[in-house]
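Participant: okay, here's the prediction I keep looking at, along with the sequence it came from:
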Amino acid sequence: MVFDANIPIYLQIMKDFKKQIIAGNYKSGEKIASVRELAVSYGVNPNTVQRSLSELEREGLLYSERTSGRFITKDEELLKQLKSAYAIELLDVCIKQLQELQFDKEAILKQMKERLENE
């Protein structure tokens, strides 16, 4: 993973985890790797990974079992909300960029519809 120097690394790791969950690379209830293993895979300090995972626990996306490790939430409603929020975030960026290029609402909708039909 290539990190953006303008955004705290722990936030970027959190976002990557969320994307992995949304994409189905992590399943509901699945155990995740240890902090040390994740730190090695991300190439960062274990404290940075620990901070990311703690924040994800606060958000309810992860939970800990004392002697077993951390797991992806089993809360399907929360996972649906995460997916929806991420889609909205992506759409907002796309719409903003198109509006900056002077596309109006109808033109944006037309382009989106044509693009989806051509997939």
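Facilitator: Cool, the structure landed.
Participant: every contact and neighbour count from this point should use C-alpha atoms.
Facilitator: Will do.
Participant: which element, helix or strand, includes the most centrally placed residue in the chain?
Facilitator: Among the residues of the chain, the one closest to the centroid is Lys18, at 2.5 Å (C-alpha atoms, centre = their mean). When elements are defined using DSSP states H and E, Lys18 is found to belong to helix 9-22.
Participant: list the buried residues in that helix.
Facilitator: Of the residues in helix 9-22, those with enough neighbours to count as buried (16 or more other C-alpha atoms under 10 Å) are Ile9, Tyr10, Leu11, Gln12, Ile13, Met14, Phe17, Lys18, Lys19, Ile21, Ile22.
Participant: which among those gets closest to Gln102?
Facilitator: Nearest to Gln102 among these, counting by C-alpha to C-alpha, is Lys19 at 30.1 Å.
Participant: gap between that closest one and Arg115?
Facilitator: Between Lys19 and Arg115 the distance, using C-alpha to C-alpha, to the nearest Å, works out to 23 Å.
Participant: longest helix anywhere in the protein?
Facilitator: helix 76-100 (DSSP state H).
Participant: show the subsequent helix or strand relative to it.
Facilitator: On the C-terminal side of helix 76-100, the nearest following helix or strand under DSSP H and E is helix 105-117.
Participant: mind checking which helix or strand Tyr63 is in?
Facilitator: With DSSP H and E as the criterion, Tyr63 is inside strand 62-65.
Participant: partners of that strand, with directions?
Facilitator: For strand 62-65, the paired strands and their directions (DSSP bridges) read strand 69-72 (antiparallel).
Participant: domains of this protein?
Facilitator: Segmentation of the chain into domains, based on automatic domain parsing, reads 9-74, 77-117.
Participant: average pLDDT for stretch 96-103?
Facilitator: Stretch 96-103 shows a mean pLDDT of 96 in the predicted model.
Participant: by how many degrees do the helix or strand containing Val40 and helix 9-22 diverge?
Facilitator: Under DSSP H and E, the secondary-structure element containing Val40 is helix 35-42. An angle of 90 degrees separates the directions of helix 35-42 and helix 9-22 when computed by axes from the mean of the first three to the mean of the last three C-alpha atoms, to 10 degrees.
Participant: so which bits of stretch 58-78 are buried?
Facilitator: Within stretch 58-78, the residues that qualify as buried by neighbour count (16+ other C-alpha under 10 Å) are Leu61, Leu62, Tyr63, Arg70, Phe71, Ile72, Thr73, Lys74.
Participant: no further queries at this time; thank you.
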